[in-house]
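Participant: Predicted model follows, preceded by the sequence.
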Amino acid sequence: MDNLSLSSLRGHVIELERSDPRHLPGSAALLRPGSAAGASPVSDPESGFGRMFFDALSNVNDLQHTTMDLTEAMLTDPDSVDIHDVTVAIAEANLALSMTKAIMDRAIRAYQEVINTR
């Protein structure tokens, strides 16, 4: 089974065939023109894991900003904001930030293990 050919190499991008139907098929918008629906998607740096990662970081940042806005509104006009909404927003932002930190720590540790493997 030859999933890797010289014609599939382009710079640092290697396209592999999908050998198992349970694997993620990729986005149909990223398929090469004229390719079949089950073909390998063209790798795009603005999609996939990188895009998902930056969207997740953006969501954590948005939660932090929402928390700050609600806290400021509570301090300046206490009748405009329910204290429960502020408490929930703070808890969500705390959880998101601590999970992001844990994921980043594990990713850095995994990278260091890969680098130190000989």
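Facilitator: Done, it's in.
Participant: quick check: longest helix of this structure.
Facilitator: Secondary structure assigned by DSSP state H gives helix 83-116 as the longest helix of the chain.
Participant: for Pro21, helix, strand, or coil?
Facilitator: Under the three-state scheme (DSSP: H, G, I helix; E, B strand; the rest coil), Pro21 adopts coil.
Participant: average model confidence for stretch 88-99?
Facilitator: Averaging pLDDT along stretch 88-99 yields 95.
Participant: swap in stretch 102-112?
Facilitator: For stretch 102-112, the per-residue pLDDT averages 93.
Participant: Okay, buried residues for that stretch please.
Facilitator: Buried positions in stretch 102-112, judged by neighbour count with 16 or more other Cβ atoms under 10 Å: none. The C-beta positions use only the backbone N, C-alpha and C, and glycine is treated the same way.
Participant: got the CA coordinates for stretch 71-78 in CSV?
Facilitator: The C-alpha trace of stretch 71-78 is given here as CSV (Å, rounded to 0.1, in the frame of the first residue of the first chain):
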residue,chain,number,x,y,z
THR,A,71,-17.6,43.4,36.6
GLU,A,72,-17.2,47.0,35.6
ALA,A,73,-21.0,47.3,34.9
MET,A,74,-21.7,45.8,38.3
LEU,A,75,-19.4,48.3,40.0
THR,A,76,-20.7,51.4,38.2
ASP,A,77,-24.4,50.5,37.9
PRO,A,78,-25.3,47.6,40.3
